[in-house]
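> sequence and predicted model, in that order:
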Amino acid sequence: MPIGRFEQPVRELLRLALVAVAYWLAARLSLNLALVHGQVTPIWPPTGIALVAFLLIGRRAWPAVAIAAFAVNLPIGPSTLGAAIIAGGNTVAPLVSAELLRRVGFRVELDRLQDAITIIVIGALGTMAISATIGSSVLALSGTIPGTEFWPTWAVWWTGDAMGVLLVAPFLLSLLARPSGLVLTWRRRLELAGLLYGTAIVAYLLFQNQLDLEYLVLPVIMLAAWRFGLRGVAPAALIASGVAIWSAMHGAGPFAGQTLFQKMITLQVFNVSMALASFLFASFVETRQGKDEMSRLYESERLAGEAKTRFLHLAAHELRTPITVLTGYLSMLSDGTLGAAPQGWQKSLEILTGKAAELNRIVSDLLQASRIEANALPRNLSEMDLRTVVRDASDRARPRADLLGAEIATGITNEPLSVEADGSQLGRILDNLINNGLTYCVRPPRLSINVSGEGGRAVVRVEDNGVGIPEDERERVFERFHRTNEPAFHNVAGTGLGLYISRQLAEGHGGSLVIESSTPDRGTVFALSLPIAVATSAQARAVAIDSSKAFAQLVAPIEGLTLPARSRPG
C-alpha cells in the first residue's frame with residue numbers, strides 16, 4: 001500500500017493531538033489561579049485555544065477539545081458524569097461561537113473593525129454564557145457549591161471563558177492566521193521583543209503602587225498596535241493582563257486590602273479594558289494600513305493605465321502614417337497605376353491588401369480606445385432617424401454576409417425614431433455588433449436586427465445564432481482587450497476592443513449597451529438603448545407655445561388702450 005494514502009489521516013491526527021495537549025497544559029496551568037472549588041478561574045485560556053481550533057480546523061476538532069476538557073475536569077469534578085457534562089459545555093460553547101462567527105463573515109486575520117466587534121460580542125460575551133451556565137449548574141446540583149453561590153460562580157466562570165477568548169484567541173490568531181508573506185526581520189523581531197518586555201516592566205511598576213495608575217499601560221498597548229498591529233498588541237495585552245492577575249493573587253497595588261469580590265471586579269474590568277483596547281487599536285491600524293495600501297495600489301494602477309494609454313495612443317498615431325502609405329502603394333500596384341503587375345503577384349497583393357486593411361482597423365481601434373479614455377473623442381451631434389442608421393449598417397454588412405451565406409433580417413418600426421447623435425459613432429457600434437454575430441458562429445450565421453421605441457428610448461436589438469456567452473463572461477466582454485476563450489476562434493483577428501469601444505460610445509450618447517440574453521450554442525441578444533430626441537423637441541415646442549400664449553395675454557390689455565393726444569403750444 002502506498003505510504004501517501006495514510007499521510008493525510010496521520011497529519012490530521014497529529015494536529016488534533018496537538019490541540020488536545022495544548023488545551024490540557026493550558027488548563028492545568030490556569031487552574032493554579034482557581035478561585036471557586038479549584039476549577040473556576042478569572043481567565044481560562046483553553047477556551048481561546050478551542051475557539052481557534054474550531055476556526056482553523058473546523059468542526060472535526062471537537063473530539064480533541066472534548067477529550068482534553070474531560071481529562072482536565074475528571075480529577076476535580078464532582079463526579080464522572082458531572083465532569084463529562086462540564087466538558088461538554090466547554091466544547092459546545094467555543095464550537096457554537098465559531099459557527100456563529102463564520103455565519104457573520106468573521107475573518108481570522110482580524111484586520112477589520114467589524115471582526116473585533118463580532119469576536120467581542122458573539123465570540124466572548126455571548127456564547128460563553130453556555131459553558132458558564134452548564135458548569136455552574138452542575139456544581140450547584142451536585143451540592144459542590146451552595147445555591148446562593150450560583151450566580152457569583154456563574155459570573156466568575158463566564159468572565160474566565162470570555163477572557164480566554166478575548167486575550168488568548170487574538171494572540172494565537174496573530175501567530176497562526178497571519179499571511180506567510182508577513183515575515184519579521186531580525187531588527188523588527190528585536191523591536192517587538194523589547195516592546196513586549198517594556199510592557200511587562202511598565203505594567204509591573206504600575207501594579208506595585210496604590211495610586212490607581214494601572215491604565216497608563218494603554219499608551220504602550222497603543223504603541224504595540226501602531227508598530228506591529230495584531231501581532232504586537234495581542235501579546236502585549238496578554239502580558240499586561242497576566243501581570244494584573246499575578247498582582248491580584250498576591251494582593252499587590254490596587255488589589256491590596258480588597259475582598260475576593262472586589263478583586264474580581266477590579267481585575268475583570270482591567271482585563272476587559274485591555275482586550276477591548278487591543279482589539280480596537282489593532283483593527284484601526286489594520287484598517288488604516290489596508291486603506292493606505294488600497295490607495296497606493298489604486299494610484300499605481302491609475303498611473304500604469306495612463307502610461308499604457310499614452311503609449312497606445314503614441315504607437316497607434318505613429319503607425320497610422322506608414323500604414324496609410326503602405327495601403328496607398330498596394331492600391332496603386334493592384335490597379336496598375338504603377339504599371340502592370342506580373343500575373344504571379346495578384347494573389348500576394350490581395351493578401352497584403354487584406355492584411356494592411358486589418359492592421360489599419362487595429363490601429364483605428366487603439367486610437368479610438370485611447371481617445372475615449374482621455375475623454376478627447378470628438379462628437380458631431382445632429383438629429384437623425386435611427387432607422388436610417390440601422391439600414392445603412394445592414395447594407396454595409398450584406399457583402400460579407402453573402403460571402404458567408406448568412407441571413408440578415410431587419411424589423412424596423414414605421415414611426416420615426418429621432419436621436420441626437422454622431423452618425424459615424426452609432427454606425428461603428430452597429431458594425432461591431434453585426435460583425436461579431438457574423439464571426440462567432442459555427443454554422444451559417446443568422447442575424448435579426450429590430451428597432452423599436454420603448455418608454456421614451458430608442459432600442460436596437462441585434463440577435464445572432466452564435467456560440468453564446470457564459471453568464472460569468474457577460475460583463476467581461478465589455479472590458480478592454482478581452483478575447484473569447486473558445487478554441488474555435490483563437491485565430492480570429494482583432495484587439496478585443498470592439499465591444500469596449502461600443503459600450504463607451506453608447507454611454508457617451510446617454511445610452512447603454514448590454515447583453516439582454518445569451519444561451520450557449522443558441523445565440524446572444526445585444527440591446528443598444530438611446531434617448532429619443534423627439535421627446536425633447538416636443539417639450540421645447542410646448543414650452544414655446546406656452547410662452548407665446550402668456551405673452552399674448554400680457555400685451556392684450558395694452559393693445560386695447562387709447563392714449564390721449566399730446567397738446568402742442570399755440
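Noted; the coordinates are in hand.

> neighbours of the residue nearest to A406 when sequence neighbours are not counted, just the number please.
In this structure, A406 finds its nearest non-sequential neighbour in P445, 3.9 Å apart by Cβ to Cβ, 6 or more residues apart in numbering. Where you see a C-beta, it was placed from the backbone N, CA and C, and this is true even at glycine. The burial count assigned to P445 is 22, neighbours taken as other Cβ atoms under 10 Å.

> for P445, list the residues it contacts.
Applying Cβ atoms under 8 Å, 6 or more residues apart in numbering to P445 gives the contacts 401, 404, 406-407, 437-438, 464-466.

> can you give me the pLDDT of it?
Note on P445: pLDDT of 88.

> can you check A256 too?
85.

> any idea how far it is from A200?
A256 sits 21 Å away from A200, taking Cβ to Cβ, to the nearest Å as the criterion.

> neighbour count winner among the two?
A200 (16 against 12).

> what about the more buried one, which helix or strand?
helix 186-206 (DSSP states H and E).

> tell me the buried residues in whatever helix or strand comes next after that helix?
Proceeding N to C from helix 186-206, the next assigned helix or strand is helix 218-228, under DSSP H and E. Along helix 218-228, the positions that meet the burial threshold by neighbour count (16 or more other Cβ atoms under 10 Å) are 218, 220-225, 228.

> and stretch 410-418, by the same measure?
Along stretch 410-418, the positions that meet the burial threshold by neighbour count (16+ other Cβ under 10 Å) are 412, 417-418.

> so which residues make contact with it?
Here stretch 410-418 makes contact (Cβ under 8 Å, 6+ apart) with 383-387, 390-391, 394, 448-453, 458, 532-534, 537.

> from T353, how far out is G328?
In this view, G328 and T353 are 11 Å apart by Cβ to Cβ.

> more neighbours: which of those two?
The residue with more neighbours, out of G328 and T353, is T353; 16 against 12, by other Cβ under 10 Å.

> state the distance from the closest residue to that one other than its chain neighbours to V363.
Excluding the flanking residues, the one nearest T353 by Cβ to Cβ, 6+ apart is L330, at 4.9 Å. Taking Cβ to Cβ as the measure, L330 falls 16 Å from V363.

> pLDDT weak spots in the stretch 101-250 of the chain?
Segments of the stretch 101-250 of the chain classed as low confidence (criterion: pLDDT under 70) are 177-183.

> where exactly do the strands run in the protein?
Along the chain, the stretches classed as strands by DSSP state E are 382-385, 407-412, 418-421, 446-454, 457-463, 512-519, 523-531.

> by mean pLDDT, point me to the weakest helix or strand of this structure.
For the chain, using mean pLDDT, DSSP states H and E, the weakest element among its helices and strands is helix 533-559, scoring a mean of 49.

> ok, V467 - how many residues close by?
Using other Cβ under 10 Å, V467 has 21 other residues around it.

> closest to G48 among the buried residues of stretch 410-418?
L417 (68.6 Å; Cβ to Cβ).

> what pLDDT does the model give that closest one?
Confidence per residue is given as pLDDT, and for L417 that number is 88.

> L330 and V363: which is more packed in?
Set side by side, L330 and V363 give different neighbour counts by other Cβ under 10 Å, the larger being at V363 (21 against 18).

> would you mind measuring from the more buried one to T321?
Distance check for V363 against T321: by Cβ to Cβ, it reads 10 Å.

> same check, this time on A458
A458 sits 38 Å away from T321, taking Cβ to Cβ as the criterion.

> show me which of these two is the more surrounded one.
Here A458 and T321 are compared on neighbour count by other Cβ under 10 Å; more neighbours surround A458, at 27 against 9.

> give me the beta-bridge partners of that one?
Under the criterion DSSP bridges, A458 forms beta bridges with G453, L530.

> tell me where the stretch 251-400 of the chain has helices.
With helices called from DSSP state H, counting those that start in this stretch, the stretch 251-400 of the chain shows them at 260-335, 346-373, 386-404.

> okay if I get the ones you listed as a markdown table plus mean pLDDT and distance to A50?
Supplementary listing: the helices of the stretch 251-400 of the chain in a markdown table, determined by pLDDT from 0 to 100; distance: least, Cβ to Cβ, whole Å:
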| stretch | mean pLDDT | distance to A50 |
| --- | --- | --- |
| helix 260-335 | 76 | 17 |
| helix 346-373 | 75 | 54 |
| helix 386-404 | 90 | 68 |
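
> turn those into CSV, including distance to P75.
What follows is the helices of the stretch 251-400 of the chain, written out as CSV (distance: least, Cβ to Cβ, whole Å):
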stretch, distance to P75
helix 260-335, 24
helix 346-373, 73
helix 386-404, 86
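
> between those, which gets nearest to P152?
Set against P152 and scored by Cβ to Cβ, those come closest in helix 260-335, at 7.4 Å.

> next, the angle from that closest one to helix 218-228.
20 degrees (axes from the mean of the first three to the mean of the last three Cα atoms, to 10 degrees).

> compute the inter-axis angle for helix 260-335 and helix 346-373.
Counting by the same axes, to 10 degrees, helix 260-335 lies at 140 degrees to helix 346-373.

> can you give me the offset of helix 260-335 from its chain's centre?
Average the C-alpha atoms of helix 260-335, do the same for its chain, and the two points are 13 Å apart (Cα atoms, centre = their mean, to the nearest Å).

> that one versus helix 186-206: what angle between them?
Helix 260-335 and helix 186-206 are oriented at 160 degrees to each other (the same axes, to 10 degrees).

> mind listing what the closest residue to A22 other than its chain neighbours touches?
Computed as Cβ to Cβ, 6+ apart, the closest residue to A22 that is not its neighbour in sequence is I49, at 5.4 Å. With Cβ under 8 Å, 6+ apart as the criterion, the residues that contact I49 are 19, 22-23, 26, 164, 168, 172.

> again, 7 Å this time
Contacts for I49 (Cβ atoms under 7 Å, 6 or more residues apart in numbering) come out as 22-23, 26, 168, 172.

> no more questions from me, cheers.
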